[in-house]
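> no sequence for this one, just the structure:
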């Protein structure tokens with residue numbers, strides 16, 4: 001509802017009144033996924049310290065110091081905090097009332113649809129106003145409430161002024177893009193984060209977060225990446241001394257250049273030079289150029305999806321299944337004396353430790369099955385085997401869903417649930433059994449799971465009280481090995497909330513061994529082409 005001011009211009013915010021409802025400060029310890037929060041009022045989330053990822057439906061945003069995000073009633077948010085530092089943030093809840101011609105009505109629609117516009121370049125700090133609001137929250141009389149209300153109106157005035165004064169989002173992206181171009185063109189010069197942030201007109205902390213989201217690298221890591229790429233060209237085309245090449249690409253120290261070169265590529269500059277001549281280089285998921293033995297005989301895989309390699313006939317010395325929260329045993333890997341290591345991790349420090357033992361390839365088990373198998377085949381020169389396997393797999397998949405289609409209706413939904421890490425309940429997104437079920441000819445994800453998929457989430461932590469929002473027409477419930485997780489699963493099955501689910505009432509719940517079913521590697525998917533029809537057709541007939 002817009003109103004017209006005295007000059008005939010359309011206004012939006014003049015139609016509303018605002019009332020503070022609640023203000024709360026929270027501190028979360030490191031490496032946490034907070035449960036999803038359903039908003040019943042208009043809300044601001046303000047990050048004061050730390051760094052996390054904020055999910056709002058299918059959107060995801062960097063949540064770093066100084067960031068402010070508006071959330072509307074009936075929207076839900078979830079924070080994933082995987083940093084070593086604590087996350088400190090404030091939650092401000094408020095009511096909005098809209099003036100109509102004869103009465104006032106509570107307004108639940110979005111006030112700030114351009115959600116990230118409050119975090120533009122040069123956005124002012126709101127710490128002072130936030131501190132005043134928090135200190136005045138416990139009012140005892142009308143006068144103190146009036147003071148609190150005045151402070152909140154000033155807060156809203158600053159928020160609305162910032163939001164409506166300029167279109168900050170395009171200029172923010174433009175400023176960021178210009179600094180990336182600057183790095184690409186001036187990589188040999190001295191570059192600092194402060195210099196880049198000033199050029200973009202963005203606070204240093206916010207700039208680093210935005211830069212990482214845009215490029216996948218921290219600013220100075222990206223600078224070094226660009227420098228190393230140019231250094232490779234010099235190594236390929238000249239026999240110049242390393243100190244000369246280092247200086248040309250912006251490194252003042254030959255030894256620091258060599259160390260960074262090895263960190264990024266997995267090879268020393270001279271090893272890279274020799275490998276170019278021998279034509280034995282491959283590139284891994286993180287962009288490392290790695291010298292692969294012609295016929296590796298002692299290959300170790302550290303991760304979840306070793307079946308991607310085994311379907312291509314690649315023999316593994318040992319399959320150490322490593323979860324994202326589990327520390328990989330580097331000493332044990334060294335004792336096996338491998339000539340090649342493949343690790344399912346993006347941890348650069350771990351990569352550096354393993355690459356000291358043997359040539360190491362970083363692998364991404366969250367990528368699609370086709371992408372993973374194709375990359376693995378390219379490493380080992382088995383492109384023909386990849387083409388044959390994928391062709392046969394797709395034909396068998398179509399036949400499988402045609403068979404299952406006899407007992408399920410088109411458009412029926414499915415969800416995969418599992419307890420993990422103790423009493424923590426997760427709905428699976430783009431890893432494990434779920435992607436196998438969400439084939440174009442198969443089941444559909446429910447709306448809340450579809451949001452997680454569109455946000456690129458591997459899984460999403462939920463509470464037992466909200467399980468009905470994630471439950472499909474068919475429920476695949478994983479039975480974990482961990483005792484605490486298994487006990488939590490049994491408790492869920494006995495709960496009244498579980499028994500009221502439509503899938504439970506209709507007998508469409510499948511209790512499955514997590515180790516046998518909840519994996520998305522090629523070998524498991526191959527096996528599931530036979531097992532899923534046996535499960536569904538036999539169960540539903």
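Good, I have the coordinates. Every value quoted in this text rests on a predicted model; they were computed, and no experiment measured them.
> Give the buried residues for stretch 233-251.
234, 235, 242, 245, 246, 248, 249, 250, 251 (16 or more other Cβ atoms under 10 Å). (Glycine included, C-beta is placed from N, CA and C.)
> quick one: least confident of these?
Least confident of the buried residues of stretch 233-251 in the model: residue 235, at 85.
> still on that earlier bit, closest one to residue 520 out of the buried residues of stretch 233-251, please.
The shortest approach to residue 520 among the buried residues of stretch 233-251 belongs to residue 235, at 38.4 Å (Cβ to Cβ).
> Return the member of the buried residues of stretch 233-251 nearest to residue 63.
Nearest to residue 63 among the buried residues of stretch 233-251: residue 250, at 32.3 Å, using Cβ to Cβ.
> And the closest residue to that closest one other than its chain neighbours, what's its pLDDT?
The spatial neighbour of residue 250 that comes closest, neighbours along the chain excluded (Cβ to Cβ, 6 or more residues apart in numbering), is residue 188 at 4.3 Å. At residue 188, the pLDDT value in this model is 91.
> Likewise for the one 10 residues further on?
The predicted local confidence for residue 198 comes out at a pLDDT of 87.
> Name the SS class of it, please.
What DSSP: H, G, I helix; E, B strand; the rest coil gives for residue 198 is helix.
> Stretch 135-145: which residues count as buried?
Buried residues in stretch 135-145, defined by neighbour count with 16+ other Cβ under 10 Å: residue 136.
> Show me what that stretch is in contact with.
23, 147, 148, 151 (Cβ atoms under 8 Å, 6 or more residues apart in numbering).
> do the same with stretch 242-253
187-191, 223, 227-228, 230-231, 234-235, 238, 254, 256-258, 260, 269-270.
> buried subset of those?
187, 191, 223, 227-228, 230-231, 234-235, 254, 257-258, 260, 269.
> Out of those residues, which is nearest to residue 180?
Comparing those against residue 180 with Cβ to Cβ places residue 223 closest, at 10.3 Å.
> for the stretch 101-250 of the chain, what spans make up the strands?
Secondary structure of the stretch 101-250 of the chain (DSSP state E, counting those that start in this stretch): strands at 104-106.
> Then the stretch 401-541 of the chain?
Under DSSP E, counting those that start in this stretch, the stretch 401-541 of the chain gives strands at 414-420, 424-428, 459-462, 474-479, 509-513.
> JSON lines for the ones you listed, including distance to residue 300, mean neighbour count and mean pLDDT?
Shown next, in JSON lines, are these (distance: least, Cβ to Cβ, whole Å; neighbours: other Cβ atoms under 10 Å; pLDDT from 0 to 100):
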{"stretch": "strand 414-420", "distance to residue 300": "25", "mean neighbour count": "24", "mean pLDDT": "94"}
{"stretch": "strand 424-428", "distance to residue 300": "27", "mean neighbour count": "22", "mean pLDDT": "93"}
{"stretch": "strand 459-462", "distance to residue 300": "26", "mean neighbour count": "20", "mean pLDDT": "90"}
{"stretch": "strand 474-479", "distance to residue 300": "27", "mean neighbour count": "22", "mean pLDDT": "96"}
{"stretch": "strand 509-513", "distance to residue 300": "26", "mean neighbour count": "15", "mean pLDDT": "95"}
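> mind checking which of these is nearest residue 216?
Short answer: strand 459-462, nearest of the strands of the stretch 401-541 of the chain by Cβ to Cβ, at 21.0 Å.
> neighbours of the nearest residue to residue 407 once chain neighbours are set aside, just the number please.
By the measure of Cβ to Cβ, 6+ apart, the closest residue to residue 407 outside its immediate chain neighbours is residue 540, 4.3 Å from it. A count of nearby residues for residue 540, using other Cβ atoms under 10 Å, gives 14.
> and residue 540, what is it in contact with?
Counting by Cβ under 8 Å, 6+ apart, the residues that residue 540 touches are 407, 408, 508.
> now the residues you listed as CSV including neighbour count and distance to residue 212?
What follows is the contacts of residue 540, written out as CSV (neighbours: other Cβ atoms under 10 Å; distance: Cβ to Cβ, whole Å):
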residue, neighbour count, distance to residue 212
407, 13, 47
408, 18, 42
508, 20, 42
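> Looking at those, which is nearest residue 63?
Among the contacts of residue 540, and counting by Cβ to Cβ, the member closest to residue 63 is residue 508, at 37.6 Å.
> Residue 436 versus that closest one, what's the distance?
17 Å (Cβ to Cβ, to the nearest Å).
> Could you do residue 408 as well?
Taking Cβ to Cβ, one finds residue 408 at 15 Å from residue 436.
> Residue 497 now?
Taking Cβ to Cβ, one finds residue 497 at 27 Å from residue 436.
> So which of these two has more stuff around it?
Comparing residue 497 with residue 436 by other Cβ under 10 Å, the one with more neighbours is residue 436, at 21 against 14.
> list the contacts for the more buried one?
Counting by Cβ under 8 Å, 6+ apart, residue 436 has contacts 442, 520, 525, 528, 532.
> what's around the second one, how many residues?
Residue 520 has 24 neighbouring residues, counting by other Cβ under 10 Å.
> May I have the predicted confidence score for it?
90.
> ok, now which ones touch it?
Contacts of residue 520 were listed using Cβ under 8 Å, 6+ apart, and they are 305, 365, 369, 431, 432, 433, 434, 435, 436.
> From the contacts of residue 436, pick the one nearest residue 342.
Distance to residue 342 across these (Cβ to Cβ) is lowest for residue 520, with 16.5 Å.
> Which positions in the biggest helix by length in the chain come out as buried?
Taking DSSP state H as the criterion, the chain has its longest helix at helix 142-165. Across helix 142-165, burial judged by 16+ other Cβ under 10 Å covers 148, 151, 152, 155, 156, 159, 160, 162, 163.
> Please state the offset of that helix from the chain centre?
The chain centroid and the centroid of helix 142-165 are separated by 35 Å under Cα atoms, centre = their mean, to the nearest Å.
> now swap in stretch 357-373 and tell me
17 Å.
> coming back round to it: can you redo the contacts of residue 436 as JSON lines with distance to residue 299?
Output for those, formatted as JSON lines (distance: Cβ to Cβ, whole Å):
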{"residue": "442", "distance to residue 299": "33"}
{"residue": "520", "distance to residue 299": "21"}
{"residue": "525", "distance to residue 299": "21"}
{"residue": "528", "distance to residue 299": "25"}
{"residue": "532", "distance to residue 299": "30"}
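> Where does confidence bottom out across those?
residue 520 (90).
> Quick check: the gap between it and residue 101.
For residue 520 relative to residue 101 (Cβ to Cβ), the value is 57 Å.
> same question, residue 417
49 Å.
> Also residue 381?
Distance from residue 381 to residue 101, by Cβ to Cβ: 75 Å.
> okay, those two: which has more neighbours?
residue 381 (12 against 4).
> Model confidence at residue 9, what's the number?
Taking residue 9 on its own, its pLDDT is 46.
> tell me the two of the contacts of stretch 135-145 that are most distant?
Spanning the widest gap among these are 23 and 147, at 14.0 Å by Cβ to Cβ.
> What pLDDT is listed against the closest residue to residue 218 other than its chain neighbours?
Leaving aside its chain neighbours, residue 218 sits nearest to residue 212 (5.6 Å; criterion: Cβ to Cβ, 6+ apart). Looking at residue 212, its pLDDT is 81.
> Residue 220 is in contact with residue 212, correct?
No - using Cβ atoms under 8 Å, residue 212 is not in contact with residue 220, being 11.1 Å away.
> contacting residues for residue 485?
Applying Cβ under 8 Å, 6+ apart to residue 485 gives the contacts 418, 419, 420, 421, 422, 423, 424.
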